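> Build the 3D model from these lines:
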Amino acid sequence: MPRSAWIEIDLDAVVSNARLLQGSLPSGIRLEAVVKGDAYGHGAVPVALALVAAGVESLSVATFDEGLELRQAGIAVPILVLFPIPPELVAHAMHLCLSLTAGDQTLLERTLAVLDRLDDAAVPANSVLPIHLEVETGLGRGGLHSTDVPAAAVAIEASPRARLAGLWSHLQAAGDLDRTADQAARLGVASSLLEEVGMTIPDRHLAASGGMLAASAPSYDVVRIGLAMYGIVPDGLTVDERHAAAAAGLKPVLSLRARPVRVTELAAGTGVSYGPSFVTSRPSRIATLPLGYADGLPRSLSNKAQVLVRGGRVPAVGTVAMDAVMVDVTDVPGPPVSVDDEFTLIGTQGNETIDAVEVARWGNTISYEIVTAMSGRLPRVYYAAAKAVQMRTVACDLGWGTGEIGRPGALASEEVPGPLGCE
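Numbering: from 1, shown residues only. Model (predicted):
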């Protein structure tokens, strides 16, 4: 590997979690795997490939280029882009068989205008653009108000190159039963208004990981599962007893590990890192781990975090730097800790575990931010059947099954390998 700090991703755990959660849904409800934010920091392409191979039927991303990345990897299942894209990219989206979200009247009008101007040579023959209408039910950040939904739906259906494929919203506080019930009711109003104008109700989706595990939101036709699929229960969520077994069975997917680049003895009264925010009160043995806030470890973890080494906890000391975090290993039993010891910042060693929720608590943030902030410069090593099968670095993807260097990390073109089978 190019450095001695890395992330390990258990692809079998991702698949196990998805199957466990799918099994907790009512019959006929589709689990849509959310792989936005580079699959919450886990690596969108390897994770999506594993999920699709295991039978997951659809994916969600946040941006156009996230969908493009998946298509370039040969992933052919339906992909929904959850945030509106620039209308100028509509033809590209059709070529990539992406489904789009409309949550603003002006952007929808511009999108439909672009569609209407496309000639037959500009898009695949007989292709139509699936559009999901986002409904503003109380989150306050996106979506059409319920009363505007019928006109938007009629405009979509009036375009020969578009069809209404979905009606959805997102919860503000999945653990708040009253607030969630209000949001579900507003989505229901939008559905009723579509029926009144003679529209067929498309697939509806409201619940994500929190709404499902708390059993606070209707499942409707689709449930978008993100954080729980990566083995993390949303922070502070009270899991409903109907899903307690599923929540308890979730397997952690991501581990963050490092080996020191220096272990040294420091005299009492020595400052450690910037500030210094920590000064040794005794002769101390300090290990320097080669990762920091440029890798996604919040600076707010300074003098608060703990790290595992030899199966026990040790304190991180001093200010978290861009490329380094220091750990006090003075009291670790046995021979002095050396550069050959492996440290775990997230994950399990022996009988001890530090999970993303605990790290988030130290850093005064949420687990979502901890895992999604993991930088692309941290190598990711992917495991399946307990064997390392792939490594992704800043420079390239290395598939150990073939021994060949994969495509560069940068997206060079919009070429999509193989047939997609979309409309």
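
> mind listing the helices for the stretch 1-150 of the chain?
Residue ranges of the helices in the stretch 1-150 of the chain, as given by DSSP state H, counting those that start in this stretch, are 11-23, 36-40, 44-53, 64-72, 90-95, 105-117, 149-158.

> I'd like the ones you listed as JSON lines, with distance to Thr288 and mean pLDDT appended.
Every residue, glycine included, has its C-beta placed from N, CA and C. Shown next, in JSON lines, are these (distance: least, C-beta to C-beta, whole Å; pLDDT from 0 to 100):
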{"stretch": "helix 11-23", "distance to Thr288": "30", "mean pLDDT": "98"}
{"stretch": "helix 36-40", "distance to Thr288": "27", "mean pLDDT": "98"}
{"stretch": "helix 44-53", "distance to Thr288": "30", "mean pLDDT": "98"}
{"stretch": "helix 64-72", "distance to Thr288": "34", "mean pLDDT": "98"}
{"stretch": "helix 90-95", "distance to Thr288": "46", "mean pLDDT": "95"}
{"stretch": "helix 105-117", "distance to Thr288": "49", "mean pLDDT": "96"}
{"stretch": "helix 149-158", "distance to Thr288": "56", "mean pLDDT": "97"}
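
> between these, which gets nearest to Asp182?
With distances scored as C-beta to C-beta, the stretch of the helices of the stretch 1-150 of the chain nearest to Asp182 is helix 149-158 (17.0 Å).

> That closest one vs helix 105-117, what angle?
Angle between the axes of helix 149-158 and helix 105-117 is 10 degrees (criterion: axes from the mean of the first three to the mean of the last three C-alpha atoms, to 10 degrees).

> So what touches helix 149-158?
102, 105, 108-109, 112, 131, 133, 135, 144, 162-164, 167, 190, 193-194, 196-197, 199 (C-beta atoms under 8 Å, 6 or more residues apart in numbering).

> do you know how far Ile79 is from Asp355?
Separation of Ile79 from Asp355 (C-beta to C-beta, to the nearest Å): 29 Å.

> Comparing the two, which shows the higher neighbour count?
When neighbours are counted by other C-beta atoms under 10 Å, Ile79 comes out ahead of the other of Ile79 and Asp355, with 25 against 19.

> give the contact list for that one.
Neighbours of Ile79 in contact, by C-beta under 8 Å, 6+ apart: 58-61, 67, 70-71, 97-99.

> where along the stretch 51-200 of the chain do the strands fall?
With strands called from DSSP state E, counting those that start in this stretch, the stretch 51-200 of the chain shows them at 59-61, 79-81, 98-102, 129-134, 162-168.

> between those strands, which gets nearest to Val394?
Taking C-beta to C-beta, strand 59-61 is the member of the strands of the stretch 51-200 of the chain nearest to Val394, at 21.2 Å.

> from the middle of its chain, how far away would the closest one be?
Averaging C-alpha positions (C-alpha atoms, centre = their mean, to the nearest Å) puts strand 59-61 10 Å from its chain's average.

> That one pairs with which strands, and in what direction?
Neighbouring strands of strand 59-61 in its sheet, by DSSP bridges, are strand 30-34 (parallel), strand 79-81 (parallel).

> orientation of the first one relative to helix 11-23 in degrees?
Spelled out, it's strand 30-34. Computed by the same axes, to 10 degrees, the angle between strand 30-34 and helix 11-23 is 140 degrees.

> so for strand 30-34, what's the average pLDDT?
Mean pLDDT, computed over strand 30-34, is 98.

> if we can go back for a sec, out of the strands paired with strand 59-61, nearest to Ser284?
In this view, the strands paired with strand 59-61 are compared for proximity to Ser284 by C-beta to C-beta, and strand 30-34 is the closest at 43.8 Å.
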